[in-house]
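Novice: Pasted the sequence and its predicted model underneath.
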Amino acid sequence: MRAIILNGHGGVDALGYVENFPDPECGKDDVVVRVKSTSLNYHDIFTRNGMPGIKISMPMICGLDVAGEIAEIGANVSGWKIGERVLIDPRNRVEGGLVGETIHGGLAEYCRVKEHQLVRIPDGVSFDQASSLPVAYGTAHRMMMTIGQVKSDDKILILGASGGVGTGALLLAKMAGAEVVVCASSDSKMEKLKSLGADHAMTYMNNEFHKGVYELYGKPGRRGFEGGVTMVVNFTGGDTWVPSLRSLKRGGRLLTCGATAGFDPKTDIRFIWTFELKLLGSNSWERDDLEQLMKYIRDGKMEPVIDKKLPLTETREGIRLLEEREVFGKVVINP
């Protein structure tokens with residue numbers, strides 16, 4: 001089969017296109033999916049670069065978020081049939097491992113997974129829409145809805161709002177009726193975010209974006225003063241951490257699901273106790289998150305933001321665009 005393979009850790013050149021990679025063999029407990037769409041994530045870049053403590057067998061096929069049609073079913077598999085449209089949950093929650101990292105992923109014509117990783121795609125949801133969901137939108141849904149419990153009276157600041165998780169967080173916050181402020185790196189991205197429903201948009205202001213929050217809502221102060229936002233969504237970390245704390249009103253909550261700009265930021269715990277802040281962590285997604293997201297799409301309540309659709313042969317260009325932050329939303333590969 002045609003595939004994009006990782007032969008060793010390194011830059012974008014570590015990913016190679018081949019036309020004769022061995023087809024996956026369907027074991028008795030396996031299902032082989034004919035890949036129709038795979039969306040890219042920063043996790044693909046982390047896997048390519050190498051991550052401390054995670055050993056990857058080479059060659060490896062990356063690509064976590066995979067949607068397609070069932071092409072082959074193992075002897076012990078029941079309840080599924082050839083041709084059914086499915087989304088793959090990247091996490092193998094029984095044997096362990098992650099599709100696209102320790103298990104061959106979706107940057108190929110076929111992908112083999114276990115039965116329990118299959119999620120049916122309902123009518124009205126396309127392969128591209130489905131493949132956009134797990135890592136980015138699934139993470140955003142768990143963080144915003146399950147952990148953060150967004151309400152209509154929330155005022156929310158979202159950092160990194162133009163990426164997959166960020167646009168997902170924005171769409172979910174607006175679905176709940178909240179008022180949303182977004183941070184982005186360019187005027188064009190800010191305008192696009194406003195077109196998705198953002199009420200206010202601003203740049204990072206040399207990591208003094210809290211001053212922009214004060215201009216909108218006032219500065220947090222003594223008990224009973226209502227300045228600041230009720231929630232900050234921060235999965236960047238690094239130098240954005242303290243300004244995020246400074247942006248919150250008394251009793252506000254800071255949500256995090258990652259640290260793309262650094263996992264060990266300088267902090268100032270005085271803000272935490274002075275303003276009785278809540279720090280809430282959220283890790284990945286559950287199957288229910290994926291099913292709920294597809295219902296939103298089916299019912300016309302949400303539309304995943306897809307920036308580019310590329311053929312398998314242009315995967316390296318898609319990775320480059322993602323790595324250099326030249327995309328707005330998701331990049332989808334169609335093998």
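Specialist: That came in fine, so what should we check first?
Novice: Can you name the residues that contact Val77?
Specialist: 28-31, 115 (C-beta atoms under 8 Å, 6 or more residues apart in numbering). From N, CA and C alone the C-beta is placed, and that goes for glycine too.
Novice: Centroid-nearest residue for this structure?
Specialist: By C-alpha atoms, centre = their mean, the mean C-alpha position of the chain lies nearest to Ala136, the distance being 1.4 Å.
Novice: sorry, back to before: which of the contacts of Val77 are buried?
Specialist: 30-31, 115 (16 or more other C-beta atoms under 10 Å).
Novice: So which of these belong to strands?
Specialist: 30-31 (DSSP state E).
Novice: Where does pLDDT dip in this structure?
Specialist: When residues are selected by pLDDT under 70, those of the chain lie in 222-225.
Novice: okay, now the domains of it?
Specialist: For the chain, automatic domain parsing gives the domain ranges 3-132+305-334, 137-281.
Novice: got those as CSV, with distance to Asp299 columns?
Specialist: CSV is the format used below for the domains of the chain (distance: least, C-beta to C-beta, whole Å):
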stretch, distance to Asp299
domain 3-132+305-334, 8
domain 137-281, 11
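Novice: circling back to that earlier point, could you count how many residues lie near the residue nearest to the residue nearest to the centre of the chain when sequence neighbours are not counted?
Specialist: Excluding its sequence neighbours, the residue lying closest to Ala136 (C-beta to C-beta, 6 or more residues apart in numbering) is Gly164, at 3.0 Å. Using other C-beta atoms under 10 Å, Gly164 has 30 neighbouring residues.
Novice: looking at it, Gly164 is touching Leu133, isn't it?
Specialist: No: with contact defined as C-beta atoms under 8 Å, Gly164 does not count as touching Leu133 (9.5 Å).
Novice: which helices and strands does the helix or strand harbouring Leu254 pack with?
Specialist: Leu254 is part of strand 248-256, with elements assigned from DSSP states H and E. Here strand 248-256 touches strand 229-233, strand 278-281, going by 3 or more C-beta pairs under 8 Å, 6 or more residues apart in numbering; DSSP states H and E.
Novice: deepest of the ones you listed, which one?
Specialist: Sort the helices and strands packed on strand 248-256 by mean neighbour count, taking mean count of other C-beta atoms under 10 Å, and strand 229-233 sits at the top with a mean of 27.
Novice: quick check: angle from that one to strand 248-256?
Specialist: 20 degrees (axes from the mean of the first three to the mean of the last three C-alpha atoms, to 10 degrees).
Novice: Put the alpha carbons of strand 229-233 into PDB.
Specialist: C-alpha atoms of strand 229-233 as PDB (Å, rounded to 0.1, in the frame of the first residue of the first chain):
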ATOM      1  CA  VAL A 229     -12.800  36.800  32.900                       C
ATOM      2  CA  THR A 230     -14.400  33.800  34.500                       C
ATOM      3  CA  MET A 231     -12.300  31.300  32.500                       C
ATOM      4  CA  VAL A 232      -9.000  31.100  30.700                       C
ATOM      5  CA  VAL A 233      -8.200  28.200  28.300                       C
END
